[in-house]
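>>> what follows is a protein structure lacking sequence information:
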């Protein structure tokens, strides 16, 4: 417990004086060696070297990415059978396939719009026509 | 914040120009000799733990070693700012972990004059119970003898804040010493 009476008799200036007078701790002697040994391991890199390292890393990553993609494509190409003439002939007409989608509303409109956009028909023209005629053309 | 030795700029610039590792190491050693003890005491005052103060000092010098020494115009200011940032980081981590240990002060009670030893023990305990920012301002003003203007500038706080923080710290210290709280 602090000596309360003694402290209450002291002014702020006396307390400050006591703090000032008391010895302060010093770092351990071996701390210098430890700090300097650790800082010796850290190397300073000139500012220009950092972007160069970043750029090099980026190039290597892109190259690795391309290599991986190329290998995957080659594996996929080997696994898939080539499309024969019969497969192509059996493909249904796009308009037929869209007719099945007629009742689904917006998805149908979107799909139909995609097909008719090349004819210069806008979404609103197509929508108006569908509402008026009730059929997808 | 010691200023007993000032590292010559030419020494550090020479080390940087030559990319000479021994010269760089000598530059860092010079900086440690000039400011290491002061920084350690400052970190001890703020963090209240010898282990944390040593770790923080390690980090400060490890960061310094990655820095371009030739571009540091005022090593003392640079190191103080780095140490303060490190201390703030440690305190934040501590509050995130909700660690609360009894802090130790920067006073070396063991080697105090026997006549002052009882008072020194009381002071050590009371200083340890103050918040870090109050310990910081007492250390810088009383032990290091810095003016409030210097403290405000170094800690990037308004002058009035530095002064009022000090007044609050002394009032709290007195209250603790007189057996309050």
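Cool, the structure landed. Being a predicted model, the structure only gives us computed values, none of them experimental.
>>> just the pLDDT for residue 106.
I'll assume chain A. Listed pLDDT for residue A:106 reads 64.
>>> you looked at the wrong chain, it should be chain B
90.
>>> touching, it and residue B:46? I think so.
No: with contact defined as CB atoms under 8 Å, residue B:106 does not reach residue B:46; the gap is 9.3 Å. Where C-beta positions appear, they are placed from N, C-alpha and C, glycine not excepted.
>>> who touches both of the two?
residue B:139 (CB atoms under 8 Å, 6 or more residues apart in numbering or on different chains).
>>> so for the longest helix seen in chain A, mean pLDDT?
As assigned by DSSP state H, the longest helix anywhere in chain A is helix A:49-79. The average of the pLDDT scores along helix A:49-79 is 83.
>>> in chain B, which residue is closest to the centre?
Nearest residue to the geometric centre of chain B (CA atoms, centre = their mean): residue B:42, 1.8 Å.
>>> I'd like the next helix or strand past the one helix or strand residue B:59 maps to.
Here residue B:59, judged by DSSP states H and E, is contained in helix B:50-65. Where DSSP H and E defines the elements, the next helix or strand beyond helix B:50-65 is helix B:75-97.
>>> burial measure for residue B:98, as a count.
Other residues near residue B:98 number 6, with proximity taken as other CB atoms under 10 Å in any protein chain shown.
>>> tell me where the model's unsure across the chain.
With no chain named, the answer covers chain A. A:1-5, A:42-47, A:76-123, A:134-137 (pLDDT under 70).
>>> sorry, I should have been clearer: chain B.
For chain B (pLDDT under 70), the answer is B:1-22, B:99-102, B:180-181.
>>> counting by contacts, list what the helix ranked longest in it packs against.
Of all the segments of type helix in chain B, defined by DSSP H, the longest one is helix B:21-47. Here helix B:21-47 touches helix A:29-41, helix B:9-18, helix B:50-65, helix B:75-97, helix B:132-138, going by 3 or more CB pairs under 8 Å, 6 or more residues apart in numbering or on different chains; DSSP states H and E.
>>> off-centre distance for the third one?
The chain centroid and the centroid of helix B:50-65 are separated by 11 Å under CA atoms, centre = their mean, to the nearest Å.
>>> name the residues that touch that helix?
A:25, A:27-28, A:31, A:34-36, A:38-44, B:24, B:28, B:31-32, B:36, B:39-40, B:43-44, B:47, B:78-79, B:82-83, B:86-87, B:90, B:104.
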